[in-house]
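**Q** How does the following fold in three dimensions:
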Amino acid sequence: MTTKMLWILLMATILSGCATVPPKLHVKDSDLAFGEGTIISGKTGRAVSFDDMLVDLAASRVVFVGERHTDAAHHRIQLKIIKAMTDMQLNLAVGMEMFDITYQPVLDRWSAGELEQDVFLEKVQWYANWRYDFDLYRDILDYVKMNRIRLVGINIPTYLPSRVRVGGLANLLDVDKAFLPQDIDTANEAHRAYMEPIYKRHSLHSFAKFEYWYQAQCLWEDAMAASVSRELADDVMVVLVGGGHIIYKFGVPDRFFRRTGLPFRTVYLEPAGGQVELAYADYIWVTPPAREKPHRMGR
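**A** Model (predicted):
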């Protein structure tokens, strides 16, 4: 074998090895990096076991689990947490951003085992409201039904944030204002500063004022916090919601705490290959690298 061929084989081996190095999740402004499957304590920056995290979660009244809606791995983790907390014989409820409060009678029937899937999807008008592929949530909802877990819709009707984005809270019709929570906090400067770059990345900023766009975000998050507060009763609730609504806790979690003073924990799910801050959540769970799939149906 010639020297040239040996060199080519050596380079191919090196490149092949580099390509198979698993990506890690990096912690901003530190040397910390964690592989897929690691659960990081936001308090200490150290890896913790699932069981240790679970003991802490079970001592709170609400566990907010953030998600990327189209990431199937995130929904598997949510289900794992729900199953583990059910096994602990907690009086468990599951709150979901995916359903608005007007569908609660249908959700009650699902939890009672009274509806088949096709009827359920029609009655909650899944593909008109949420529109992500139901397969992403099927296992969670089947488990809820099978175990007669109380399912709670925490969202507001989907059209309301859109109306506020273009016209502001003051210009809502009275029939729409009936859905507003009693208090909508738009004065959190840290939250506002976090949201402004997101607003600028949206095409909406070409016709929606930032102030109205921000009012819509705060309406959304205070309304969900109010729903969790109102529906918690004597249960421990696992809340499934987009990660952007729990990051730094100043979305739904802190707004829930302001209403109730009850203990909560946040679990933020983030794919390997990116970067996070420990302040994002109580726990950061490193998930498989993101693989984008067209799970949203229609427009």
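**Q** for the chain, which helix is longest?
**A** Ranked by residue count under DSSP state H, the longest helix found in the chain is helix 210-231.
**Q** okay, the angle between the helix or strand just after that helix and helix 210-231?
**A** Counting by DSSP states H and E, the next helix or strand C-terminal to helix 210-231 is strand 236-242. Angle, strand 236-242 to helix 210-231, by axes from the mean of the first three to the mean of the last three CA atoms, to 10 degrees: 160 degrees.
**Q** Identify the neighbouring strands of strand 236-242 in the sheet and state each direction.
**A** Sheet pairing of strand 236-242 (DSSP bridges) gives strand 62-67 (parallel), strand 92-100 (parallel).
**Q** Rounded mean pLDDT for the next helix-or-strand element following that strand, please.
**A** Next helix or strand after strand 236-242 toward the C-terminus (DSSP H and E): helix 252-260. Throughout helix 252-260, pLDDT has a mean value of 98.
**Q** what's helix 252-260 packed up against?
**A** strand 62-67, helix 210-231, strand 264-271 (3 or more CB pairs under 8 Å, 6 or more residues apart in numbering; DSSP states H and E). Backbone N, C-alpha and C define where each C-beta goes, glycine included.
**Q** export that helix as PDB, just CAs?
**A** Only the C-alpha atoms of helix 252-260 are listed here, as PDB (Å, rounded to 0.1, in the frame of the first residue of the first chain):
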ATOM      1  CA  VAL A 252     -46.200  31.100  33.700                       C
ATOM      2  CA  PRO A 253     -44.400  29.800  36.900                       C
ATOM      3  CA  ASP A 254     -43.800  33.100  38.700                       C
ATOM      4  CA  ARG A 255     -47.200  34.300  37.700                       C
ATOM      5  CA  PHE A 256     -48.700  31.200  39.300                       C
ATOM      6  CA  PHE A 257     -46.600  31.800  42.400                       C
ATOM      7  CA  ARG A 258     -47.700  35.400  42.700                       C
ATOM      8  CA  ARG A 259     -51.300  34.100  42.800                       C
ATOM      9  CA  THR A 260     -50.900  31.300  45.200                       C
END
